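S.K.: model the following, please.
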Amino acid sequence: MSFEKMLEKYAELVVKVGVNVQPGQVLLVQSPLETAQFTRLVVGKAYEAGAKLVQVDWEDETTTRIRYEKAPDDSFGYYPQWQADTMEQLAAGGGALLHIKVPDPELFRGIDAAKVSTAVKAASVAREKFQTYVRNNKISWSLIKAPTKAWADKVFADLPEEQRIDAMWDAVFRMNRVDTEDPVAAWREHIAELKNRQEFMNQKRYKSLRYRAPGTDLRVEMPEGTSGLGVAIITRRASILSPICRRRKFIRCRCGQASTEPSAARCL
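M.R.: Below you'll find the model as predicted:
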């Protein structure tokens with residue numbers, strides 16, 4: 001299968017399963033400039049799914065770096081209220097959010113950590129109302145990955161430079177079942193299986209979980225009242241999403257599998 005076809009299937013998967021765009025819904029896509037080809041496919045698939053409007057906010061890490069190098073030190077506590085208001089209005093209006101988040105591992109190398117922490121805190125405080133929508137499943141949202149040069153250079157440093165992006169795309173496609181005949185159907189089947197395992201484990205009330213793999217042997221004691229959550233959640237609009245849902249009392253293997261063994265959970 002050609003790369004272009006795989007890319008199209010990934011875009012369709014993100015729209016139909018990841019954020020589950022509904023007819024008449026507004027979708028906000030936050031995307032790095034480097035993934036423009038993929039992002040445009042997502043926009044097309046969202047409109048095909050019935051989206052009323054798809055707005056893309058392009059992110060450029062080079063200009064982000066410039067800010068941290070040249071902006072006044074006292075400016076990092078500022079976060080534009082209009083940006084926070086935009087996110088809150090999106091959620092209040094029943095919109096959806098897709099964030100293609102692929103940070104450069106070296107972006108803040110040499111930058112004063114205090115600047116970064118101050119900016120992160122300012123954003124968190126300003127967007128608290130929006131985060132309430134997220135925590136209470138009142139907004140459709142999904143966070144995904146798409147390869148960039150900086151990320152691929154880190155992960156596949158042992159490969160020739162010209163092969164790294166392709167290798168990263170291959171990995172992303174495999175991890176997200178895009179290499180199957182019907183990725184959307186494959187994910188829905190996977191979600192159903194996780195739901196079954198979730199119910200099984202909740203009935204068992206395990207006191208601990210053990211994760212074993214090559215180089216890994218980890219036992220996690222479970223707190224009282226622990227309950228498992230699957231990867232699918234239902235929003236207040238009754239649409240089913242499948243971001244990786246992590247909450248305080250939720251533990252899952254990185255592969256998305258949950259164990260049915262009484263004393264161990266294995267990540268194969």
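
S.K.: distance check, H190 against V184.
M.R.: Noted for H190: a distance of 11 Å to V184, by C-beta to C-beta, to the nearest Å. Heads up, the C-betas are built off the backbone N, CA and C, glycines and all.

S.K.: who's more crowded, these two?
M.R.: When neighbours are counted by other C-beta atoms under 10 Å, H190 and V184 differ, and H190 comes out ahead with 18 against 15.

S.K.: where does the more buried one fall, secondary structure wise?
M.R.: Using DSSP states H and E, H190 sits in helix 183-204.

S.K.: which secondary structure elements does that helix contact?
M.R.: Where contact means 3 or more C-beta pairs under 8 Å, 6 or more residues apart in numbering; DSSP states H and E, helix 183-204 is packed against helix 3-13.

S.K.: any idea of the mean pLDDT in the helix it packs on?
M.R.: Helix 3-13 shows a mean pLDDT of 95.

S.K.: again, but for stretch 51-64
M.R.: The average pLDDT for stretch 51-64 rounds to 96.

S.K.: any chance you could list what contacts it?
M.R.: Stretch 51-64 has contacts (C-beta atoms under 8 Å, 6 or more residues apart in numbering) with 21, 23-33, 36, 39, 43, 46-47, 103-104, 107, 150.

S.K.: buried subset of those residues as a PyMOL selection?
M.R.: Buried subset of the contacts of stretch 51-64, written as a PyMOL selection, criterion 16 or more other C-beta atoms under 10 Å:
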select buried, resi 21+25+26+27+28+29+30+31+32+39+43+46+104+150
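
S.K.: show me the contacts of stretch 51-64 that map onto strands.
M.R.: Judged by DSSP state E, these include V26, L27, L28, V29, Q30, S31, P32 as members of strands.

S.K.: format the residues you listed as JSON lines; extra columns: distance to M1 and pLDDT.
M.R.: Listed next are those as JSON lines, based on distance: C-beta to C-beta, whole Å; pLDDT from 0 to 100:
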{"residue": "V26", "distance to M1": "32", "pLDDT": "97"}
{"residue": "L27", "distance to M1": "27", "pLDDT": "97"}
{"residue": "L28", "distance to M1": "30", "pLDDT": "97"}
{"residue": "V29", "distance to M1": "25", "pLDDT": "97"}
{"residue": "Q30", "distance to M1": "28", "pLDDT": "96"}
{"residue": "S31", "distance to M1": "24", "pLDDT": "96"}
{"residue": "P32", "distance to M1": "25", "pLDDT": "95"}
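
S.K.: and which of the residues you listed is nearest to G94?
M.R.: Closest approach to G94 among these (C-beta to C-beta): V26, at 7.8 Å.

S.K.: the strands in the stretch 151-268 of the chain, which residues?
M.R.: Per DSSP state E, counting those that start in this stretch, the stretch 151-268 of the chain carries strands over the ranges 208-213, 216-221, 233-234, 240-241, 265-266.
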